[in-house]
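Asks: give the three-dimensional model of this entry:
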Amino acid sequence: MLFSIIVPVYGIEKYLPKCIDSILAQSCTDFELILVDDGAKDASGSICDQYKEKDRRIKVIHKENGGLVSARKAGLQEAKGDYIVPIDGDDWVDTELLASMAELLVQYPRLDLICYGMYQGVNDERYLSKPVPECEGLYDEDKIKESILPHLIKGDNGVRFPPNVCGKVFSRKFYQKYQLAVPDTIALGEDAAVTYPLVSQAKSMFITKRCFYYYRMNPNSMTKSRKKGFDWDNLRTLADIWHHNLNPNYDFSAQIARYMCHDLFNVAKSHLQTNQPYAQVKQMILQEINTADFQTYINDAHFTRFSKEQIPKFLLRYQLIFLIKILSKYI
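Replies: Presented below is the predicted three-dimensional model:
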């Protein structure tokens with residue numbers, strides 16, 4: 001079997017049929033579809049079962065809720081295909097996705113991964129193409145080191161390689177090594193925890209500018225108020241994963257500092273968007289960003305002079321928490 005498509009499912013009954021239908025309509029039929037019901041409380045799980053009754057290519061896993069990472073890992077452990085295709089259950093794909101990937105794998109049979117572009121939009125309205133920003137073509141180990149690794153995590157101009165696992169096709173054995181190493185509890189940077197170590201260790205990769213994936217931007221996730229902020233320890237977990245899994249023959253320390261500085265700002269912003277009293281949140285943020293490891297990231301994060309990434313660093317370095325709260329709507 002060539003492809004195993006893994007779709008985590010949780011609370012997406014409204015969108016799931018369109019996702020599954022787009023997969024079953026693929027012109028290339030050499031695939032299995034693994035639907036992982038992550039303890040959904042709506043009708044998503046029963047929708048999975050209904051589709052399974054109609055198509056033998058579908059496997060359904062029902063599990064207790066454990067989060068996105070645990071769902072992907074559960075699907076991966078059941079996968080039999082040579083290549084893994086991650087798809088989120090509220091998105092959908094072009095019917096020629098697998099056929100186009102299969103053509104590339106015939107031409108380049110030892111690829112570790114393929115990267116392809118996306119369309120982004122809100123619900124079913126006006127999807128804009130977002131091709132992979134890198135040059136199209138085959139990348140061997142030397143070309144990856146020369147053209148991708150200098151800005152893989154975050155270059156000094158703020159540019160980074162797309163971290164999302166959706167929009168990529170992975171060699172199963174290669175992907176297993178890095179996805180299974182990610183703790184289930186990580187909820188910030190869960191894609192970067194897999195993609196960046198994998199790309200840093202890849203021997204061959206193909207990038208196509210063609211877009212096959214329709215990414216649905218959830219307007220509910222864009223609200224300015226949230227119940228709780230992100231866990232600061234997620235950043236420490238991510239740094240630890242990178243320390244153990246990134247290519248040890250390349251120095252990523254400066255890039256990690258830039259990435260962490262940027263995400264420290266995002267975590268601080270997430271706490272300022274809760275309904276907790278400002279004075280209490282400010283005290284907690286100051287306590288966290290003054291820890292030794294986070295101070296090192298802030299001080300070591302160097303960007304080009306006119307990069308907009310200078311703004312979050314400035315606000316963190318001088319601990320301007322109220323300005324972070326004000327500017328968080330715009331940055």
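Asks: would Lys154 count as being in a strand?
Replies: No: with DSSP: H, G, I helix; E, B strand; the rest coil as the criterion, Lys154 is coil rather than part of a strand.
Asks: over to His56: give its phi and psi.
Replies: No His there; residue 56 is Arg. Torsion angles at Arg56 (phi, psi; degrees, to the nearest 10) stand at phi -70, psi -10.
Asks: what's the local residue count around it?
Replies: 8 (other Cβ atoms under 10 Å). For the C-beta atoms, the positions are set from N, CA and C on the backbone; glycine is no exception.
Asks: could you measure from it over to Ile289?
Replies: Applying Cβ to Cβ, to the nearest Å, the value for Arg56 to Ile289 is 53 Å.
Asks: can you give me the strands for the stretch 1-150 of the chain?
Replies: Read by DSSP state E, counting those that start in this stretch, the stretch 1-150 of the chain holds these strands, from start to end of the chain: 3-9, 31-38, 58-63, 83-86, 92-93, 113-122, 125-130, 137-140.
Asks: can you add mean pLDDT, mean neighbour count and distance to Pro277 and give the ones you listed back as CSV?
Replies: Output for those, formatted as CSV (pLDDT from 0 to 100; neighbours: other Cβ atoms under 10 Å; distance: least, Cβ to Cβ, whole Å):
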stretch, mean pLDDT, mean neighbour count, distance to Pro277
strand 3-9, 99, 26, 35
strand 31-38, 99, 24, 34
strand 58-63, 99, 17, 38
strand 83-86, 99, 26, 40
strand 92-93, 98, 23, 42
strand 113-122, 96, 19, 33
strand 125-130, 86, 11, 38
strand 137-140, 98, 15, 50
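Asks: let me have those in CSV, extended by distance to Lys269.
Replies: Listed next are the strands of the stretch 1-150 of the chain as CSV, based on distance: least, Cβ to Cβ, whole Å:
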stretch, distance to Lys269
strand 3-9, 26
strand 31-38, 27
strand 58-63, 32
strand 83-86, 27
strand 92-93, 30
strand 113-122, 21
strand 125-130, 23
strand 137-140, 34
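Asks: quick check: chain neighbours aside, which residue is closest to Lys325?
Replies: Computed as Cβ to Cβ, 6 or more residues apart in numbering, the closest residue to Lys325 that is not its neighbour in sequence is Leu272, at 4.4 Å.
Asks: count residues in the vicinity of the one you found, would you?
Replies: So Leu272, with other Cβ under 10 Å, has 20 neighbours.
Asks: likewise Leu320?
Replies: Using other Cβ under 10 Å, Leu320 has 13 other residues around it.
Asks: tell me which residues touch it, please.
Replies: Counting by Cβ atoms under 8 Å, 6 or more residues apart in numbering, Leu320 makes contact with Phe314.
Asks: repeat for the one 4 residues further on
Replies: If you count contacts by Cβ under 8 Å, 6+ apart, Ile324 has them with Phe265, Ala268, Lys269, Leu272, Ile285, Leu315, Leu316.
Asks: of those, select the buried ones using a PyMOL command.
Replies: Selection of the buried residues among the contacts of Ile324 in PyMOL, burial being defined by 16 or more other Cβ atoms under 10 Å:
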select buried, resi 265+268+269+272+285+315+316
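Asks: please identify the helix or strand for Val267.
Replies: According to DSSP states H and E, Val267 maps onto helix 253-272.
Asks: pLDDT score for Ser225?
Replies: On pLDDT, Ser225 comes in at 48.
Asks: what mean pLDDT would you report for the helix holding Val267?
Replies: Helix 253-272 comes out with an average pLDDT of 98.
Asks: packing partners for that helix?
Replies: Applying 3 or more Cβ pairs under 8 Å, 6 or more residues apart in numbering; DSSP states H and E, one finds that helix 253-272 contacts helix 233-245, helix 278-289, helix 292-300, helix 310-317, helix 321-327.
Asks: tell me which of the ones you listed is the most buried.
Replies: helix 310-317 (a mean of 19; mean count of other Cβ atoms under 10 Å).
Asks: which helices and strands does it pack with?
Replies: helix 253-272, helix 292-300, helix 321-327.
Asks: send me that helix as CSV with only the CA atoms.
Replies: C-alpha atoms of helix 310-317 as CSV (Å, rounded to 0.1, in the frame of the first residue of the first chain):
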residue,chain,number,x,y,z
GLN,A,310,12.4,43.2,16.7
ILE,A,311,9.1,44.4,18.3
PRO,A,312,8.2,41.4,20.4
LYS,A,313,11.9,41.1,21.5
PHE,A,314,11.9,44.8,22.5
LEU,A,315,8.7,44.4,24.5
LEU,A,316,10.0,41.3,26.3
ARG,A,317,13.5,42.6,26.9
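Asks: so the worst-scoring helix or strand of the chain on mean pLDDT versus strand 113-122, what angle?
Replies: Sorted by mean pLDDT, DSSP states H and E, the helices and strands of the chain end with strand 125-130, the least confident at a mean of 86. Taking axes from the mean of the first three to the mean of the last three Cα atoms, to 10 degrees, strand 125-130 and strand 113-122 form an angle of 150 degrees between their directions.
Asks: now the nearest residue to Pro312 once chain neighbours are set aside: how far from Glu190?
Replies: Take Pro312 and drop its neighbours on the chain: the residue closest to it by Cβ to Cβ, 6+ apart is Phe265, 3.6 Å away. Separation of Phe265 from Glu190 (Cβ to Cβ) stands at 19 Å.
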